[in-house]
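[1] Pasting the sequence and the predicted model now:
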Amino acid sequence: MTDGASASLPFEQLSKFKNGFEREAMLANDKLLRRDAVKKGSLPPDRLGILIAAVGVKISPEEVEEIKLAVIAEREHALSVAPETVPDAESGPERITFEGFCWGLTHPDFRATLEIEETLTRFRHEGIQEYTRRLLNTDPRVRAAAVKDPPGIIVGDKQAVRSLARELHKPTHSEDMRVDLALAIGAIAEKPREASGEHAKEGQRQVKIYDSKALGALRHTLKLQPTTIYMDTRTFNNREPVDAPVEVENDLIDICRTSESMRNVKFQESIPPERESERAFLHEFRRPAVEQSDMVRTAAVLGFAGCADNDSEVVLKLLLHTAIYDPGWTVRCAALDVLRSWSDDIRKEGPTHRWGMKSRWWPELWSPWRSRDDSLENFWGVMSRVRHDPAWQVRKRAILTMAQAANLGNERVLEIVAAALEDGSSATRQAARKTLALALFGRGSYVSERKHQLLTHVQQGIPHWEAAEIASEITAGRKGGVDADLVVIEVLVKRCFNSSPTTRRAAAAAMGDVMQRAQFRGDTRAMQALLDVVRNDPEVLVQRAAVQSMWKAGIQGEERTLETLFWAATAHPEPQLRKGAVEAIERLTVPGDKAGIECLSACLEDAYAEVREAAVRALERASLEGGEEATAAAEGMLQDSSWFVRRAAARALTMIEPEGERQASVAAKVFGREDKLWYAEVQGYLTKPPLLPYLG
């Protein structure tokens with residue numbers, strides 16, 4: 001049984017449940033049924049309500065029916081996987097065994113687990129009461145101290161959790177008090193652990209113990225109604241700050257307390273036919289069924305971090321459901337934050353990686369839910385849907401969660417992330433670029449091995465782009481699979497030739513940024529795609545994005561790249577693109593390269609002053625000290641009609657001419673009274689510009 005196995009019940013409760021089960025079996029009216037129940041240890045499902053009443057648990061008839069259906073489904077699943085382990089297997093799934101009965105009552109999906117009481121000693125009872133009183137104190141400092149530092153005797157006490165849960169679900173308590181109660185439940189709950197006793201044998205899974213009362217209390221707080229409501233996103237005032245950083249993790253509870261983004265949001269139950277045209281502005285959510293406060297639900301989600309882990313199927317499903325349907329954006333953010341904190345383990349596959357034990361294996365249907373094909377499909381489906389959330393904070397977190405949870409080279413995930421390059425939020429776009437760079441660069445030992453191979457080959461004189469390809473091939477071969485680098489580049493290259501200009505521009509712009517972050521300059525496929533975009537794309541904005549990426553992703557002195565940039569700098573009709581090409585040439589031309597200096601000299605004749613100024617500045621970096629051709633070209637610009645070009649030429653000459661009398665020589669060549677006065681004032685401050693980082 002999963003999540004709430006009977007092994008988590010104390011001996012006292014096991015005995016009570018067992019006595020109730022046997023008593024009901026003995027009271028059966030049908031003699032044959034009574035004999036089979038005693039002999040086989042199972043009862044028909046319609047006796048479940050009487051069984052529950054017999055052990056003193058008070059729940060509604062509706063929940064009894066829910067438990068019955070869940071127990072039958074769990075038994076049916078066990079019969080399909082390993083029927084030899086199921087009591088009375090020959091009777092089929094429509095039976096209730098003692099194990100199934102205990103599982104249903106302790107499963108966190110149902111409130112029944114919160115109705116199970118133990119007999120407490122006086123000392124234990126007083127300790128629970130005192131801790132509860134601290135959390136009900138009107139002074140927020142007292143409550144905060146109780147959450148942060150609970151008494152040792154309280155931690156792991158399920159009856160203490162039950163006491164807090166009963167208070168949590170009282171709407172008469174203040175909102176802040178219920179927040180602290182939810183956080184305290186996560187703080188004192190028993191932490192997930194493997195069941196003690198004999199280790200599971202091959203073919204059987206390891207049982208894990210969870211605090212079912214804590215899971216049940218927090219889960220009940222997050223319960224949503226099944227019907228859909230629609231948010232009018234035009235009333236959702238949640239604009240992104242201009243300087244919103246990607247990595248800042250704020251206190252979501254405090255944000256929820258102070259934010260006014262949800263104050264005037266309008267929800268509606270349905271979409272009338274006359275408003276069907278407005279569907280694009282309506283986003284689907286579900287109305288909270290129990291707790292109406294976004295702040296309390298946010299605290300409940302954060303509480304799961306202390307009492308659940310990535311192997312808890314109930315919690316994983318709940319968090320994924322919350323990330324999509326909860327109407328509070330801070331609640332959705334909290335769900336994604338918790339999922340991201342568990343993502344390193346979610347992405348691991350296989351029993352060796354999953355548990356660190358080679359000897360344990362199990363059938364696919366009995367493996368942890370998170371590692372099954374259907375759960376992974378569900379996980380990526382949720383992330384893809386959340387990527388379109390109306391709150392930019394949620395979209396950003398979805399990208400960062402995928403960055404942690406995806407295996408390297410997961411094309412489906414990379415496609416979702418690449419689509420976020422067009423997001424309206426700058427923080428989300430930055431997160432997407434970072435995610436793609438991480439996927440390109442790799443993780444862990446893969447990174448260090450690839451980097452070592454790359455640097456070794458570069459030091460041997462192999463061109464950087466060729467060394468990068470060799471390193472990737474070696475690493476992929478040792479890993480026994482396709483190198484993840486190939487997938488990232490292929491996803492971006494494919495988007496560079498999409499039918500949408502917006503998509504092409506975003507992909508071309510991201511290519512350079514991603515490759516620069518990942519130290520993966522000069523990749524043949526990426527550079528060829530950028531070259532094709534510059535020469536053939538019909539949209540100037542897309543071409544400009546590609547030119548900008550070329551100097552970030554290119555290698556200094558690489559002929560193929562420079563040839564295209566020379567063409568763009570001299571022959572393209574768009575002035576801003578010519579300027580961008582000149583700036584890229586400045587960064588990629590090896591100092592003293594004759595072809596580069598000739599191209600930049602030709603750009604000095606451009607009709608636009610901005611292009612001429614960029615060309616003069618580029619000559620300053622591309623020329624060796626004392627270069628005659630560059631000196632002559634710069635001297636010719638001292639009489640340019642543009643003030644900016646003339647100043648740039650004077651500075652360039654100061655840098656190019658030989659040491660010694662360079663400033664006096666340049667001062668003699670500067671024309672015009674204003675220019676001479678300017679040069680006399682600033683010449684003492686003109687120094688050699690800082691070297692560009694090595695791009696080779």
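    Everything's here; your move.
[2] If you rank every helix and strand of the chain by mean pLDDT, what lands last?
    Lowest by mean pLDDT, DSSP states H and E among the helices and strands of the chain is helix 350-355, with a mean of 36.
[3] Look at residue 233 and say how many residues are nearby.
    By the criterion of other C-beta atoms under 10 Å, residue 233 has 16 neighbours. For the C-beta atoms, the positions are set from N, CA and C on the backbone; glycine is no exception.
[4] Residue 642 now?
    Residues within reach of residue 642, counting by other C-beta under 10 Å, total 15.
[5] Now for the residue sitting nearest the centre point of the chain: which residues touch it?
    The chain has residue 401 as the residue nearest its centroid, 1.7 Å off, counting by C-alpha atoms, centre = their mean. Residues near residue 401 by C-beta atoms under 8 Å, 6 or more residues apart in numbering: 336, 339-340, 343, 383.
[6] Residue 94 looks like it's in a helix, true?
    No. Read with DSSP: H, G, I helix; E, B strand; the rest coil, residue 94 is coil and lies in no helix.
[7] Please report the distance of it from residue 52.
    18 Å (C-beta to C-beta, to the nearest Å).
[8] With neighbour numbers in mind, choose between those two.
    Ranked by neighbour count (other C-beta under 10 Å), residue 94 and residue 52 place residue 52 first, with 24 against 12.
[9] Was I right to think the more buried one contacts residue 59?
    Yes. At 6.7 Å, residue 52 and residue 59 qualify as touching, with contact defined as C-beta atoms under 8 Å.
[10] re the thing from before, if you count neighbours, what's buried in the next helix or strand after the least confident helix or strand of the chain?
    Downstream of helix 350-355, the first helix or strand assigned by DSSP states H and E is helix 373-386. Neighbour counts over helix 373-386 (16 or more other C-beta atoms under 10 Å) mark 375-376, 378-380, 382-386 as buried.
[11] Please apply the same query to stretch 573-590.
    So, applying 16+ other C-beta under 10 Å, buried residues of stretch 573-590: 576-589.
[12] re the thing from before, now the residue nearest to the centre of the chain, nearest residue through space, not along the chain?
    residue 340 (4.3 Å; C-beta to C-beta, 6 or more residues apart in numbering).
[13] Just give me the neighbour total for that neighbour.
    18.
[14] helix or strand for it, which one?
    helix 329-341.
[15] who does that helix touch, helix- and strand-wise?
    Using 3 or more C-beta pairs under 8 Å, 6 or more residues apart in numbering; DSSP states H and E, the elements in contact with helix 329-341 are helix 252-258, helix 294-307, helix 313-325, helix 392-405.
[16] Deepest-packed of the ones you listed, please.
    Compared across the helices and strands packed on helix 329-341, helix 294-307 shows the largest average neighbour count, a mean of 26 (mean count of other C-beta atoms under 10 Å).
[17] tilt between it and helix 313-325?
    Helix 294-307 and helix 313-325 meet at an angle of 150 degrees, taking axes from the mean of the first three to the mean of the last three C-alpha atoms, to 10 degrees as the criterion.
[18] Low-confidence bits of the stretch 1-150 of the chain, can you list those?
    The stretch 1-150 of the chain contains residues with pLDDT under 70 at 1-41.
[19] try it again with 50
    For the stretch 1-150 of the chain, applying pLDDT under 50 flags the ranges 1-8, 11.
[20] count of residues packed around residue 277?
    Residue 277: 9 surrounding residues under other C-beta under 10 Å.
[21] Then the one 3 residues further on?
    Look at residue 280: counted by other C-beta under 10 Å, it has 7 neighbours.
[22] residues contacting it?
    Contacts of residue 280 were listed using C-beta under 8 Å, 6+ apart, and none were found.
[23] Doesn't it belong to a helix?
    Yes. If the criterion is three-state DSSP, then residue 280 is within a helix.
[24] Please report the distance of it from residue 332.
    For residue 280, the distance to residue 332 - C-beta to C-beta - is 20 Å.
[25] and the helices and strands packed on helix 329-341 as JSON lines, adding distance to residue 652 and mean pLDDT?
    Converted to JSON lines, the helices and strands packed on helix 329-341 look like this (distance: least, C-beta to C-beta, whole Å; pLDDT from 0 to 100):
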{"stretch": "helix 252-258", "distance to residue 652": "51", "mean pLDDT": "84"}
{"stretch": "helix 294-307", "distance to residue 652": "58", "mean pLDDT": "93"}
{"stretch": "helix 313-325", "distance to residue 652": "56", "mean pLDDT": "91"}
{"stretch": "helix 392-405", "distance to residue 652": "43", "mean pLDDT": "88"}
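[26] Now tabulate the ones you listed in JSON lines and tack on distance to residue 146.
    Below are the helices and strands packed on helix 329-341 laid out as JSON lines (distance: least, C-beta to C-beta, whole Å):
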{"stretch": "helix 252-258", "distance to residue 146": "16"}
{"stretch": "helix 294-307", "distance to residue 146": "14"}
{"stretch": "helix 313-325", "distance to residue 146": "24"}
{"stretch": "helix 392-405", "distance to residue 146": "29"}
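[27] Which among those helices is found nearest to residue 183?
    Judged by C-beta to C-beta, the one of the helices and strands packed on helix 329-341 that comes nearest to residue 183 is helix 294-307, at 5.2 Å.
[28] For the closest one, name the packing helices and strands.
    So helix 294-307, by 3+ C-beta pairs under 8 Å, 6+ apart, packs with helix 175-188, helix 212-221, helix 252-258, helix 313-325, helix 329-341.
[29] Skipping its backbone neighbours, what lies nearest residue 45 in space?
    residue 68 (5.1 Å).
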